[in-house]
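A.B. asks: my questions are about this predicted structure, shown below with the sequence.
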Amino acid sequence: MPWFGLGVYKVPEGEVALESVKMAIKAGYKSIDTAALYENEESVGQAIKESGVPREELFITTKVWNEDLRNNSVEEAFETSLRKLGLDYVDLYLIHWPVKDKYKDAWKVLEKLYKEKRVRSIGVSNFNIHHIEDLMSVAEIKPMVNQVELHPLHSQPELRDYCKKQQIQIEAWAPLGQGRLLDHPVLQEIASGHHKSIAQVILRWDIQNEIVTIPKSIRESRIKENANIFDFTLSSSDMEKINALNENQRFGADPDNFNF
C-alpha cells in the first residue's frame with residue numbers, strides 16, 4: 001500500500017474527476033481512494049484506463065456505503081463498484097462507517113471477497129477502538145487498514161497506538177483539516193524553515209508518523225505540490241510542535257454519533 005495517494009471525496013463525476021485522477025497518475029501517484037458514496041467510481045475507472053499505467057502498478061481503494069450495510073446488500077454493492085470502476089479486483093475495500101449492529105455481518109462478506117481474491121486487502125473506516133474490538137470478536141481476518149479523520153488538530157494518538165499494536169495500518173482522510181490548517185501560524189513557521197508549503201509539512205508529518213495519507217485536490221499545481229514531500233525531513237523539534245497542536249477537534253462526523 002503506497003504511503004501517499006489521491007482522495008476524491010466530493011470530486012464531481014465526469015470531466016473534473018476524470019482529469020484530476022489522470023493528472024495525479026501522470027504526476028506519479030499510485031494510489032487512488034474513492035467510495036460508492038462519492039459517485040465518481042466510473043470516472044476513476046475511466047482515468048485508470050486512459051492513464052496508460054498498468055493496472056497492477058496502481059492501488060485502488062473503494063468503500064461500501066451505510067445503506068448497503070443496513071440492507072444486507074454488501075456483496076451487491078461491491079459488484080456495482082467493481083463494474084463502475086471497470087476492474088477485475090480492488091486493492092482495498094473498506095466498510096465506510098461503523099453502522100450499529102450491521103458492521104460485523106458486513107465484515108463476513110468482506111472476508112469472503114478477500115478469500116475469493118476479488119479484493120487484495122480489507123479494512124474499515126471511521127472505526128474507534130471499541131468498534132475494532134467488537135469487530136475482532138467475530139473476525140476471522142483482522143482489519144488491515146483503518147481510515148479515519150486525522151490531522152494535526154485531531155491526531156488521534158490513542159487510536160494510532162492501538163492500531164499499531166494490532167498491526168492495523170492507519171490512514172488519514174482530511175489530512176489537511178479540509179483546508180482549515182493552511183494558515184496556522186505554528187505550521188507556517190515550520191514550513192518557512194523548510195521552504196515548503198503548510199500542506200507539504202502536514203503531509204510530511206503524516207509520512208514520518210507512518211500514517212498513510214490521501215489529500216484531495218483537483219488542481220494540477222496542488223496535486224504536484226502535495227506529492228513533493230520526499231525531499232525533506234521534519235526535525236524531532238518540528239514533529240513535537242505539530243504533535244502539540246492536537247485539540248481532538250473533528251471537522252467531520254463523530255463515529256459514535258452519526259445519523260446517515
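C.D. replies: Noted; the coordinates are in hand.
A.B. asks: now do the same for Pro2: its pLDDT.
C.D. replies: On pLDDT, Pro2 comes in at 98.
A.B. asks: count of residues packed around it?
C.D. replies: When counting by other C-beta atoms under 10 Å, one arrives at 14 neighbours for Pro2. (Each C-beta comes from the backbone N, C-alpha and C, glycine too.)
A.B. asks: just Glu75 next, same as before
C.D. replies: With neighbours defined by other C-beta under 10 Å, the count for Glu75 comes to 16.
A.B. asks: now the helices for the chain?
C.D. replies: 15-26, 41-51, 66-70, 74-85, 103-115, 129-136, 157-165, 185-194, 198-208, 220-227, 236-243 (DSSP state H).
A.B. asks: would you tell me which one of these is buried the most?
C.D. replies: Greatest average neighbour count among those goes to helix 198-208 (a mean of 23), per mean count of other C-beta atoms under 10 Å.
A.B. asks: roughly how far out does that one sit from the chain middle?
C.D. replies: 15 Å (C-alpha atoms, centre = their mean, to the nearest Å).
A.B. asks: cool, stretch 81-99 as well?
C.D. replies: For stretch 81-99, the distance from its own C-alpha centre to the chain's C-alpha centre is 13 Å (C-alpha atoms, centre = their mean).
A.B. asks: give the buried residues for that stretch.
C.D. replies: Across stretch 81-99, burial judged by 16 or more other C-beta atoms under 10 Å covers 81-82, 84-85, 87, 90-99.
A.B. asks: which pair in those spans the largest distance?
C.D. replies: Leu87 and Pro98 (26.1 Å; C-beta to C-beta).
A.B. asks: surely Pro2 meets Ser31?
C.D. replies: Yes: using C-beta atoms under 8 Å, Pro2 is in contact with Ser31, at 4.1 Å.
A.B. asks: return the residues in contact with the residue lying farthest from the centre of the chain.
C.D. replies: Residue farthest from the centre of the chain, counting by C-alpha atoms, centre = their mean, is Gly193 at 28.5 Å. Going by C-beta atoms under 8 Å, 6 or more residues apart in numbering, Gly193 touches Asp238.
A.B. asks: check what pLDDT the closest residue to Ala35 other than its chain neighbours gets.
C.D. replies: Leaving out its chain neighbours, the residue that sits closest to Ala35 by C-beta to C-beta, 6 or more residues apart in numbering is Lys63, at 3.8 Å. Lys63 carries a pLDDT value of 98.
A.B. asks: since we're on Lys63, how many residues are nearby?
C.D. replies: Considering only other C-beta under 10 Å, Lys63 is surrounded by 25 other residues.
A.B. asks: please apply the same query to Ile229.
C.D. replies: Using other C-beta under 10 Å, Ile229 has 24 other residues around it.
A.B. asks: that one touches Gln200, doesn't it?
C.D. replies: Yes: if you go by C-beta under 8 Å, Ile229 and Gln200 touch, sitting 5.1 Å apart.
A.B. asks: about what we covered before: Asn259: which of the helices of the chain is closest?
C.D. replies: Per C-beta to C-beta, nearest to Asn259 of these: helix 66-70, 10.2 Å.
A.B. asks: same for the closest one, what does it pack against?
C.D. replies: helix 74-85, helix 103-115 (3 or more C-beta pairs under 8 Å, 6 or more residues apart in numbering; DSSP states H and E).
A.B. asks: what sits against Leu58?
C.D. replies: Listed by C-beta under 8 Å, 6+ apart, the contact set of Leu58 reads Ile25, Lys30, Ser31, Ile32, Ile48, Asp91.
A.B. asks: Ile223 and Pro54, how far apart?
C.D. replies: 21 Å (C-beta to C-beta, to the nearest Å).
A.B. asks: err, Ser235, not the other one
C.D. replies: On the measure of C-beta to C-beta, Ser235 and Pro54 end up 38 Å apart.
A.B. asks: about what we covered before: can I get the contacts of Leu58 in a markdown table including distance to Gln147 and pLDDT?
C.D. replies: Formatted as a markdown table, the contacts of Leu58 follow (distance: C-beta to C-beta, whole Å; pLDDT from 0 to 100):
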| residue | distance to Gln147 | pLDDT |
| --- | --- | --- |
| Ile25 | 20 | 98 |
| Lys30 | 17 | 98 |
| Ser31 | 12 | 98 |
| Ile32 | 13 | 98 |
| Ile48 | 20 | 98 |
| Asp91 | 13 | 98 |
